[in-house]
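J.: Sequence plus the predicted model coming up.
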Amino acid sequence: MEQYAIKGGSPLVGEIEIGGAKNAALAILAAAIMTDETVTIENMPDVRDTNVLLRAIESVGAVVNRVDRHTVQINGSTINDVVIEDDYIKKIRASYYLLGALLGKYKKAQVVLPGGCNIGSRPIDLHIKGFKALGADVRIAHGLIVAEAERLVGNHIYLDMVSVGATINIIMAAVMAEGQTIIENAAKEPHVVDLANFLNSMGANIKGAGTDVIRIRGVSKLHKTEYSVIPDQIEAGTFMMAAAATKGDVTIKNVIPKHLESISAKLLEIGCEIEESDDAVRVVASKRLNHTHVKTLPYPGFPTDMQPQIAVTLALSEGTSIVTESIFENRFKYVDELTRMGASIKVEGNTAIIDGVPKYTGAHVSAPDLRAGAALVIAGLAADGFSVVDDIVYIERGYEDFDAKLRRLGADIEKVDGEKALQKFKLKVG
Ligand code: UD1
C-alpha cells in the first residue's frame, strides 16, 4: 500500500497552479450525459473520484474520449442502460448524480446506494423528496435506489437543510421537466453555480444559482457545449493552510479569490499576510500565528472540507482555538492521529478545543478520509523529523499530484511503497 513519506520542518515557498474543482467536475460529468450530442469538458481534474465516475458513465454505454489529461469528451447518445451497479462507484458519494441525470433524461434510473468519505451519516432523503416532488416514484430495492416517472413536472421544492448534493440532483432532474421548478433554501456553493452555468451552456434555463432560490424552466432537450471547470476552492484552500502551517510564502495561481474569502479572512485574522490578484492569492506567514474560532457553514461560510486543514494550522498557533463542525458529525477522526504528532486537542460533541503547541513531531499516521488525509500531510510538513501518512488512496480521490505540487514548493515528500522505499527516502533527505 502506498504511503507518503515526509521530512518536515521547512517552510513551503514558491508558486503552484490549482486544478479544476473535483466537486464541480463530478456534477458536470454526470450532467454531460443528458444530451445526445458531444460535450467537451476542459480543466477536468485527473483524480480518482472523477475517473471512477467516468468509468461508470462508460459502463452504461456512453462514449468517453480523453482528449488529453485534463480534457474529456462525452457522448451520451449510445447509453443503453440506466442501471449503475459498478462496485467501485459505491465508494464515491457523487455516484448519486447519475440518478438525477439519468432520471432527468430517460425518466428512469437505478443507482447503487452511495458511500463516499466516512465523515458521518449522509442521508439522501432530500434528494428523494425532490425527485418525488417532480413526480417520480422512488424506492430502494436490492441495494439500489430506483427512480422512475411517467412524466416529470416542475414543482416548488423547499429543502429543509442546505444540501449541495440535493440541490444539484434536483436541478438535473428538473432541467427537462415540464414547466417550472423552484428550489428554495438551495445550496450556494461555487460548484452549484458551475453546474448551472454548464447546463445553461447546453441550452437549459436555470436562474438564480448562487442564491438560495433557483428557478428552472424545463426545456425539451439539451445540446453540445464546450466548457471549462472552475478552479478547485478546496485544493487552493489546502495549499493556503500548508503555507500558513509551515510559516511559508506561497502564491497559489489559477484560483477565483472570491471563492476563498472565508479562508483568507481566517488566515488574516490569525496573522497571515494575504495578497490577492485577479486569479491568484499569496499567503505569507512570517511569525507564529494566533488562535481563533471557526464554525463550518454552507457557502459563503467556512467550508467543512477545510475544517481539518485549519485545525492543523490552529493546533500550532498561540493560545486556545475552538473549531465547531456544523455540517457533518464525524469529522474529527484525524484528531487522534494529530495528537500522536504532539497536538493538544479535546473533542466535545461537534467542537474541538485546541490548545496551540509550538511544534509537531513527526509520526506514523493514517489518513481517515480525503480532507483529513491532506491535513495530516500538512502536519507532517510542519513537523520536526520524519512522518509517514498511510491510506493515501483517500487523498488521491481529490488531489491531483499532491506530492509533486508540494515538492515544487520545496517540500521533502515522496510516495513510497513499503519499508525499503521508506528507508531509501530517509537516506536521501537525511
Ligand atoms: C458535498 C461535497 C462535500 C462537502 C459537502 C458540504 C460533493 C461531491 N461533495 O457533499 O465535499 O463536504 O457538500 O459542503 O460535492 N443531508 C441530509 N439529507 C440529504 C442530503 C444531505 O440530511 O438528503 C445533510 C447531510 O447529512 C449534511 C448536510 O445535509 O449534514 C450537508 O450535506 P450535503 O451538502 O448534501 O453534502 P454532499 O452533497 O454529500
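T.: Yep, that arrived. Numbering: from 1, shown residues only.

J.: Please make it C-alpha for all contacts and neighbour counts, starting now.
T.: OK.

J.: buried residues in the helix or strand hosting residue 105?
T.: Using DSSP states H and E, residue 105 maps to helix 97-106. The neighbour-count check on helix 97-106 (16 or more other CA atoms under 10 Å) flags 97-106 as buried.

J.: So which elements touch the next helix or strand along the chain from it?
T.: Remark: after helix 97-106, the chain's next helix or strand is strand 108-112, criterion DSSP H and E. With contacts defined as 3 or more CA pairs under 8 Å, 6 or more residues apart in numbering; DSSP states H and E, the packing partners of strand 108-112 are strand 83-84, helix 97-106, strand 144-148.

J.: Just the closest of the buried residues of helix 97-106 to residue 385, please.
T.: Among the buried residues of helix 97-106, residue 97 lies closest to residue 385 (CA to CA), at 42.8 Å.

J.: which ones are touching the closest one?
T.: By CA atoms under 8 Å, 6 or more residues apart in numbering, the contact list for residue 97 reads 26-27, 30-31, 165, 168-169.

J.: Show me where the stretch 201-350 of the chain has its helices.
T.: 233-245, 261-269, 307-314, 335-339 (DSSP state H, counting those that start in this stretch).

J.: okay, these in CSV with mean neighbour count and mean pLDDT next?
T.: Converted to CSV, the helices of the stretch 201-350 of the chain look like this (neighbours: other CA atoms under 10 Å; pLDDT from 0 to 100):
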stretch, mean neighbour count, mean pLDDT
helix 233-245, 27, 98
helix 261-269, 18, 98
helix 307-314, 26, 98
helix 335-339, 20, 97
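
J.: JSON lines for those helices, including distance to the ligand?
T.: Formatted as JSON lines, those follow (distance: least, CA to the nearest ligand atom, whole Å):
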{"stretch": "helix 233-245", "distance to the ligand": "9"}
{"stretch": "helix 261-269", "distance to the ligand": "13"}
{"stretch": "helix 307-314", "distance to the ligand": "10"}
{"stretch": "helix 335-339", "distance to the ligand": "18"}
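
J.: Turn the ones you listed into a markdown table, including distance to residue 6.
T.: Formatted as a markdown table, the helices of the stretch 201-350 of the chain follow (distance: least, CA to CA, whole Å):
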| stretch | distance to residue 6 |
| --- | --- |
| helix 233-245 | 13 |
| helix 261-269 | 24 |
| helix 307-314 | 16 |
| helix 335-339 | 15 |
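
J.: Specify the stretch among the ones you listed that is closest to residue 409.
T.: The nearest among the helices of the stretch 201-350 of the chain, by CA to CA, is helix 233-245 at 9.3 Å.

J.: Okay, and the beta partners of residue 182?
T.: Assessed by DSSP bridges, residue 182 has beta-bridge partners residue 156, residue 215.

J.: dump the residue contacts of it.
T.: Neighbours of residue 182 in contact, by CA under 8 Å, 6+ apart: 154-157, 213-216.

J.: Stretch 323-332 near the ligand at all?
T.: Yes. Stretch 323-332 is in contact with the ligand by CA under 6 Å from any ligand atom, via 327-328.

J.: for that stretch, how far is the first residue from the last?
T.: Using CA to CA, to the nearest Å, the end-to-end distance of stretch 323-332 comes out at 10 Å.

J.: roughly how far out does it sit from the chain middle?
T.: Centroid separation between stretch 323-332 and its chain, computed with CA atoms, centre = their mean, to the nearest Å, is 16 Å.

J.: go on, stretch 420-428?
T.: With CA atoms, centre = their mean, you get 32 Å for stretch 420-428.

J.: buried residues in that stretch?
T.: 422, 425-426.

J.: Turn the buried residues of helix 97-106 into TSV, including distance to residue 90.
T.: As requested, these are exported to TSV (distance: CA to CA, whole Å):
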residue	distance to residue 90
97	12
98	12
99	13
100	16
101	17
102	17
103	19
104	21
105	22
106	22
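
J.: of the residues you listed, closest to the ligand?
T.: Nearest to the ligand out of those is residue 97 (CA to the nearest ligand atom; 8.8 Å).

J.: Just the strands from the stretch 251-400 of the chain, written as ranges.
T.: Counting by DSSP state E, counting those that start in this stretch, the stretch 251-400 of the chain has strands at residues 273-276, 280-284, 293-295, 320-324, 344-348, 351-355, 364-366, 385-390.

J.: ok, how many other residues are close to residue 80?
T.: Close neighbours of residue 80, defined as other CA atoms under 10 Å, add up to 11.

J.: isn't it right up against residue 60?
T.: Yes. Between residue 80 and residue 60 there is a contact under CA atoms under 8 Å: 6.1 Å.

J.: ok so, going back, is there contact, residue-wise, from the helix holding residue 105 to the ligand?
T.: No. With CA under 6 Å from any ligand atom as the criterion, the ligand is not reached by helix 97-106; the gap is at least 8.8 Å.

J.: Near the ligand, which residues of the stretch 51-200 of the chain are found?
T.: 94, 121-127, 161, 163-166.

J.: By pLDDT, give me the weakest of these.
T.: Lowest pLDDT of these: residue 121, 59.

J.: pLDDT weak spots in the stretch 101-250 of the chain?
T.: Counting by pLDDT under 70, the stretch 101-250 of the chain shows low-confidence ranges at 115-122.

J.: All the strands of it, residue numbers only.
T.: 108-112, 137-141, 144-148, 156-158, 180-184, 205-207, 213-217, 226-228, 249-253.

J.: what's the second one packed up against?
T.: The one in question is strand 137-141. When contacts are defined as 3+ CA pairs under 8 Å, 6+ apart, strand 137-141 packs onto helix 125-133, strand 144-148.

J.: buried stuff in that strand?
T.: residue 138.

J.: Strand partners (parallel or antiparallel) of it?
T.: Strand 137-141 is paired, per DSSP bridges, with strand 144-148 (antiparallel).

J.: and what of the last one?
T.: Strand 249-253 sits in its sheet next to strand 13-17 (parallel), strand 280-284 (antiparallel), going by DSSP bridges.

J.: what's the angle from the last one to helix 233-245?
T.: Our comparison of strand 280-284 with helix 233-245, counting by axes from the mean of the first three to the mean of the last three CA atoms, to 10 degrees, yields an angle of 20 degrees.

J.: could you give the angle of strand 280-284 to helix 261-269?
T.: Going by the same axes, to 10 degrees, strand 280-284 makes 30 degrees with helix 261-269.

J.: export strand 280-284 as PDB, just CAs?
T.: This file holds the C-alpha atoms of strand 280-284, laid out as PDB (Å, rounded to 0.1, in the frame of the first residue of the first chain):
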ATOM      1  CA  ALA A 280      -4.000  34.300  -7.600                       C
ATOM      2  CA  VAL A 281      -3.600  34.500  -3.900                       C
ATOM      3  CA  ARG A 282      -0.400  34.700  -2.000                       C
ATOM      4  CA  VAL A 283      -0.200  33.600   1.700                       C
ATOM      5  CA  VAL A 284       2.800  34.600   3.800                       C
END
